[in-house]
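Visitor: just the structure for this:
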Amino acid sequence: MKLVILFGPQAVGKMTVGQSLAEMTDLKLFHNHMSIDFVGQFFDYGSPSGKRLVHLIRREIFEEVLKSDLEGLIFTYVWGFDLQDDWDYIKWLKELFESRGGNVYFVELETVYEERLKRNKTENRLFYKPSKRDTAKSEQDLIATYKNHRLNSYPGEITEKHYIKINNTDLGPDTVAQMIKDHFSI
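Guide: As a prediction, the model looks like this:
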């Protein structure tokens, strides 16, 4: 069982790279908005109920994947490096998969801020993430998060054995997915 955690700031290209990687491998894509947008139909993601339900859905998906005969999963995540809860979540997720014999691969994407503002409005993003269709609100959130949180790691901060950091500012999703596939021999 393989778990690829694709992480980085909003609109860095996690889902799009994940889609390409899923097409190149036998891994299934579970992008973070699959749970966020589902729950968002009932509760705001920032509310206690919204957060609890998103976490519950994700946990149940992870558990079922681990019980299945699937090759593995690609999961996308916005990791706030200044937020202990995010560190704890990643640690929990890694331990969950490794405790069942799985391998966890960490893929960090980074892209210049101006490119992320452009990508925030792409057709693919808006199609698969209904909560991003209010592009003014989505852009405000992207800007606020950029100003208030650190969403990429410092050099040497991530010490995982299976880790790669890719600046995909000028790279297409298929190129990045191929880099990931080759690097980890997935």
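Visitor: contacts, neighbours, all on C-alpha from now
Guide: OK.
Visitor: and the helix or strand where D141 lies, what's buried?
Guide: Following DSSP states H and E, the helix or strand that holds D141 is helix 135-148. Within helix 135-148, the residues that qualify as buried are S138, E139, L142, counting by 16 or more other Cα atoms under 10 Å.
Visitor: and the residue nearest the centre of this structure?
Guide: T76 (1.6 Å; Cα atoms, centre = their mean).
Visitor: where's that residue relative to L6, distance?
Guide: When distances are taken as Cα to Cα, to the nearest Å, T76 and L6 turn out to be 5 Å apart.
Visitor: same thing with W92?
Guide: Noted for W92: a distance of 16 Å to L6, by Cα to Cα.
Visitor: the two - which one has more neighbours?
Guide: L6 (24 against 12; other Cα atoms under 10 Å).
Visitor: all strands for the chain, in order.
Guide: Shown for the chain, the strands assigned by DSSP state E span residues 2-7, 28-30, 72-77, 103-110, 163-167.
Visitor: could those go into a markdown table alongside distance to R59 and mean pLDDT?
Guide: As requested, the strands of the chain are exported to a markdown table (distance: least, Cα to Cα, whole Å; pLDDT from 0 to 100):
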| stretch | distance to R59 | mean pLDDT |
| --- | --- | --- |
| strand 2-7 | 13 | 98 |
| strand 28-30 | 12 | 98 |
| strand 72-77 | 12 | 97 |
| strand 103-110 | 16 | 98 |
| strand 163-167 | 23 | 98 |
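Visitor: any chance of those in a markdown table, with distance to I57 too?
Guide: Listed next are the strands of the chain as a markdown table, based on distance: least, Cα to Cα, whole Å:
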| stretch | distance to I57 |
| --- | --- |
| strand 2-7 | 17 |
| strand 28-30 | 11 |
| strand 72-77 | 13 |
| strand 103-110 | 20 |
| strand 163-167 | 26 |
